[in-house]
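J.: Let's see this in three dimensions:
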Amino acid sequence: MTDSRRWYVLVLALIVALPAFAQEAETEKAFEEVVVTAQKKEQDLREVPVSVATLSDEKLDAITAAGNDSRLLSSRVPSLHIESSYGRTLPRFYIRGLGNTDFDLNASQPVSLVYDGVVLENPILKGYPMFDLERVEVLRGPQGTLFGRNTPAGIVSFNSRKPTYDSSGFGRFSFGTYQTMQFEAAVNGTIVEDKLAARVSILNQSRNDWVKNTWDDAPPTDGNDLGGYQDFAGRFQLMWDISDRFQVLANAHMRDLDGTARLFRADIVESGSNEIVDGFKRDEVTIDGANQQRVEERGGMLKLEYTLDEASLIAITGYETGKIY
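T.: Residues are numbered from 1 along each chain as shown. Have a look, this model is predicted:
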């Protein structure tokens, strides 16, 4: 075979092979590893025999920038619905249509919320804000084997970013309609090289009152009465690597919310139709009762992890307290 013919065959082979290389690269990109803890250990999502939906930290940063609470997940995760009669507090979770509409604070729910490994079963605690999260996992279907009672419909798991030995941090600020503001920030750093690291995260969300109460005997105000809130939350984490096998993670967190509950608007739909009545104004409401809301949450978590050759021993202890008005 002449040299020119060899070059011709080589170029032809490359032209034929290029689409295959491109397809292989695209396949590797499409099947990028997604790590989940659906079975209480870190695994590739493709190896988990559970229906799991995940949202990564990048997507969470984008969808939470507008100051929304956990109810925003309803439009982002299939089969998940979250609603509340109390605004930013006491959310009720539904997976595949299964949930509990009971208003009682002691009512059991078929969907549990797990935040950093601790089950937040009381409705007061379920409204804790989403901030500085590594990922959100939604496990669909019964999860009683690994997560215990109140999980026949599934669980929603929030996993915050953990301390690392890198000096890093971020800050974000957004401003919108009705003077809605959100500020989120976190600082991460090393206290003792390769031994002790800490991370501090804060979130402040606020909105001015923008709904006027037109009830005749309503107390006089400066123009607007309802619809606003001031919500502040913080988290402090400390990671201690006692040895190559033994790690301790401590977490202390809090939340203070001052706002109003959801506004119910009666008789705004024409009878027998889907049309809104004439004269309806979304920035006006007529109610003859007080609408005030106050929530205080305090909690802590301690996680001990000892790694063996073929397994890990993990103990998680949590303490949560909440007051609501």
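
J.: Could you list the buried residues of stretch 107-121?
T.: 109-121 (16 or more other CB atoms under 10 Å). Quick note: C-beta positions are derived from backbone N, CA and C, even for glycine.

J.: Ser174: which of these is nearest?
T.: Proximity of these to Ser174 (CB to CB) peaks at Tyr115, which lies at 23.4 Å.

J.: For that closest one, which non-adjacent residue is closest in space?
T.: Phe158 (4.7 Å; CB to CB, 6 or more residues apart in numbering).

J.: Please verify my assumption that the one you found contacts Val118.
T.: No - using CB atoms under 8 Å, Phe158 makes no contact with Val118, being 10.0 Å away.

J.: Let me see the contact set for the residue nearest to the spatial centre of the chain.
T.: Note on the chain: the residue nearest the mean C-alpha position is Met130, at 4.2 Å, using CA atoms, centre = their mean. Contact analysis of Met130 by CB atoms under 8 Å, 6 or more residues apart in numbering lists Leu60, Thr64, Asp69, Ser70, Val136, Phe158.

J.: Output the residues you listed in JSON lines; the columns should cover neighbour count.
T.: Output for these, formatted as JSON lines (neighbours: other CB atoms under 10 Å):
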{"residue": "Leu60", "neighbour count": "21"}
{"residue": "Thr64", "neighbour count": "24"}
{"residue": "Asp69", "neighbour count": "21"}
{"residue": "Ser70", "neighbour count": "21"}
{"residue": "Val136", "neighbour count": "22"}
{"residue": "Phe158", "neighbour count": "21"}
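
J.: Narrow those residues to those in strands?
T.: Of the positions in the contacts of Met130, Val136, Phe158 sit in strands, assigned by DSSP state E.

J.: with the contacts of Met130 in mind, which one is nearest to Phe236?
T.: Phe158 (16.6 Å).

J.: From Leu125, how far off is the closest one?
T.: Counting by CB to CB, to the nearest Å, the gap from Phe158 to Leu125 is 12 Å.

J.: Give me the common contacts of those two.
T.: Common neighbours of Phe158 and Leu125 (criterion: CB under 8 Å, 6+ apart): Leu113.

J.: how about the helix or strand where Leu203 lies: buried residues?
T.: According to DSSP states H and E, Leu203 maps onto strand 196-207. For strand 196-207, the neighbour count (16+ other CB under 10 Å) marks Leu196, Ala197, Ala198, Arg199, Val200, Ser201, Ile202, Leu203, Asn204, Gln205, Ser206, Arg207 as buried.

J.: any idea which of these is closest to Ser174?
T.: Nearest to Ser174 among the buried residues of strand 196-207, counting by CB to CB, is Gln205 at 9.6 Å.

J.: so that closest one bridges to which residues?
T.: Beta-bridge partners for Gln205, by DSSP bridges, are Gln182, Asp231.

J.: Let me see the contact set for Ala107.
T.: Ala107 makes contact with Asn100, Pro123, according to CB under 8 Å, 6+ apart.

J.: Repeat that for Val34.
T.: Going by CB under 8 Å, 6+ apart, Val34 touches Asp44, Leu45, Arg46, Thr54, Ser56.

J.: Which pLDDT does the model give the closest residue to the first one other than its chain neighbours?
T.: Going back to what we said before, that points to Asp44. Counting by CB to CB, 6+ apart, Asp44 lies nearest to Glu33, which is 5.3 Å off, once chain neighbours are set aside. At Glu33 the predicted local confidence, pLDDT, stands at 75.

J.: how many neighbours does the closest residue to Ala197 other than its chain neighbours have?
T.: Spatial nearest neighbour of Ala197, chain neighbours left out: Pro163 (4.0 Å); criterion: CB to CB, 6+ apart. Neighbouring residues of Pro163 were enumerated by other CB atoms under 10 Å; the total is 22.

J.: Over to Pro163. Which of the three states is it?
T.: Per DSSP: H, G, I helix; E, B strand; the rest coil, the secondary structure class of Pro163 is coil.

J.: wait, isn't it in contact with Arg199?
T.: Yes - the criterion here is CB under 8 Å, and Pro163 meets it with Arg199 at 4.1 Å.
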